[in-house]
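# next comes the sequence, and after it the predicted model I'd like to discuss.
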Amino acid sequence: MTAPRFQLADELLRRLAAALRSSQLYSKGHPIIGRNLEQLSAAVQLLHSLQPTTVVGFVGDEIIVDDMPVARADVLGGIVRRLQQAGIERITFDRGVTSDELSTFIEAVTAIEVREGDENGPAFPALPHIRVGRVSIEQRVEGSLTDMATIKRLYHDAVSVATSLWESAETEGKPDATIARTMIDGLAQAVAQNRTALLALTTLKNYDNYTFTHMVNVSILTMGQARGLGIDGPLLREFGLAALMHDIGKVRTPLEVLNKPDKLTDDEFAIMKRHVVDGAEILRQTADIPALAPVVAFEHHLRLDGTGYPGGAKRSSLNIGTMLCSIADVYDAMRSQRAYQQAFPSERILQVLKRNDGTQFDQHLVRRFVQLIGIYPPGNLVRLNTGEVAVVLKVYAPDPYRPQVRVLISRDGTRLELPCEIELWNVSEDPQRPSSVVAPLDPATYNLDPLVLM
């Protein structure tokens, strides 16, 4: 956000606070209320002269305007806490909002302020140009983010939201950006606090739900990479949201092509390739979607050497968000077994990403990705060089073949009552001590859920 926009955003918050205070202090119809509403309307219109939509969000103790921290929440007094208790963490003002709509909105917000016994808050009136998000991060992420059960619940909720986004894009022509942003807020929080556990969940296989798990996995893997590059806060959430929506153009792909169990013909593949253009168009027309999202949707099948599609799209360089999303997209697609494709182990996938001497993928980013997920990612069941069966707990970046593991089954096939943890990178002269992973294993063969045993 440029300096003028920051100043306009700050003015909006000050006028919003003044309108709320006057509505609380004076009776309905008082001229001071009317004057403050006029000034609030003017502040909103000034921002709308630069952009069609303005979003005010409440993240922790900060107020965010269009993904830029502008002020502390206490600038609006106790109203932020009341809004969050009512499940409202984002307010969207669309261009064309009228003074009457603002007046109705202020009255509704003030009602939340005074209804101490109402845990859910009053129902907001339907307004054409004002929308509220009714799910807060605190409500979505219940429990400790160090607890695998909590992370697992967050992941499954995210897949459900991805399903809803796909359905809204199919039926309404655009995804519901409000629930998308709220879901990404929760995932970004988890990436920041317990990235290893969340990345482990992307190894879950749900072939019947591939489209939606792929959306969530690519988002998590993209944010994991971005976090490793030092990207955080609003920009991290933008990367996550763009990655989540990277394939949304496929809602326009005929089902007989999208769901074909066999390899596509050349004509069918030509139809499939249209999804990058369709996705960019859908996202450009969706309010509250960051500008990065249509860029990533359009570019995510382009490669550094000019190959890929859409054909004829020449780029001197690709957006960093695109490059991170592309790596995540290829990795997750190749490790997911579908009717026409066997799942590949991580080592082979990473060889694909490294091929062509860096002409397709940025090799610095690929190396960072290998360090992030390892040859054997957390949550994988593996066989050790001494024959034991273990679950991977943590990647060791200097040597991706030697992660931290928890041994579950001894070399004679006996299930250990007390699993032991080993850092394989700490090499020992004892030949009986495991020193490396030799192969990934299918947990179903052993009737195990590795994620429960992490």
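The structure has been received and is ready for your questions. Residues are numbered from 1 along each chain as shown.
# how many neighbouring residues does Gly230 have?
7 (other C-beta atoms under 10 Å). Bear in mind the C-beta positions are built from the backbone N, C-alpha and C, glycine included.
# swap in Asp247?
Neighbours of Asp247 under the rule other C-beta under 10 Å: 21.
# and the helices in the stretch 351-454 of the chain?
Here the stretch 351-454 of the chain has its helices, by DSSP state H, counting those that start in this stretch, at 363-373, 443-446.
# now the helices: where do they sit in the stretch 1-150 of the chain?
Assigned helices in the stretch 1-150 of the chain, in chain order: 3-25, 31-48, 79-85, 99-114, 137-140, 148-172 (criterion: DSSP H, counting those that start in this stretch).
# that older thread, and the helices of the stretch 351-454 of the chain, which one is worst for confidence?
The minimum mean pLDDT among the helices of the stretch 351-454 of the chain belongs to helix 443-446 (a mean of 84).
# now do the strands in the stretch 251-400 of the chain.
Secondary structure of the stretch 251-400 of the chain, counting by DSSP state E, counting those that start in this stretch: strands at 381-384, 389-394.
# want to throw those into TSV with distance to Gln225, mean neighbour count and mean pLDDT?
TSV is the format used below for the strands of the stretch 251-400 of the chain (distance: least, C-beta to C-beta, whole Å; neighbours: other C-beta atoms under 10 Å; pLDDT from 0 to 100):
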stretch	distance to Gln225	mean neighbour count	mean pLDDT
strand 381-384	23	20	93
strand 389-394	17	23	92
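# re earlier: could you dump the helices of the stretch 1-150 of the chain into JSON lines and include mean neighbour count, mean pLDDT and distance to Thr253?
Listed next are those as JSON lines, based on neighbours: other C-beta atoms under 10 Å; pLDDT from 0 to 100; distance: least, C-beta to C-beta, whole Å:
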{"stretch": "helix 3-25", "mean neighbour count": "18", "mean pLDDT": "83", "distance to Thr253": "37"}
{"stretch": "helix 31-48", "mean neighbour count": "18", "mean pLDDT": "91", "distance to Thr253": "35"}
{"stretch": "helix 79-85", "mean neighbour count": "19", "mean pLDDT": "71", "distance to Thr253": "39"}
{"stretch": "helix 99-114", "mean neighbour count": "18", "mean pLDDT": "82", "distance to Thr253": "38"}
{"stretch": "helix 137-140", "mean neighbour count": "16", "mean pLDDT": "37", "distance to Thr253": "30"}
{"stretch": "helix 148-172", "mean neighbour count": "18", "mean pLDDT": "89", "distance to Thr253": "11"}
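# can you put those helices in CSV and add distance to Leu453?
Rendered in CSV, the data for the helices of the stretch 1-150 of the chain read as follows (distance: least, C-beta to C-beta, whole Å):
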stretch, distance to Leu453
helix 3-25, 48
helix 31-48, 51
helix 79-85, 36
helix 99-114, 45
helix 137-140, 26
helix 148-172, 9
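# Asp329 is nearest to which of these?
Of all the helices of the stretch 1-150 of the chain, helix 148-172 sits nearest to Asp329, with 14.6 Å by C-beta to C-beta.
# and the next element down the chain from the closest one?
helix 177-201 (DSSP states H and E).
# what residues are up against Gly173?
If you count contacts by C-beta atoms under 8 Å, 6 or more residues apart in numbering, Gly173 has them with Ile282, Gln285.
# how near is it to Ala439?
Separation of Gly173 from Ala439 (C-beta to C-beta, to the nearest Å): 47 Å.
# ditto for Met215
With distances taken as C-beta to C-beta, Met215 is found 30 Å from Ala439.
# before we move on, the earlier item: how about the strands of the stretch 251-400 of the chain in a markdown table, adding distance to Val80?
Shown next, in a markdown table, are the strands of the stretch 251-400 of the chain (distance: least, C-beta to C-beta, whole Å):
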| stretch | distance to Val80 |
| --- | --- |
| strand 381-384 | 45 |
| strand 389-394 | 38 |
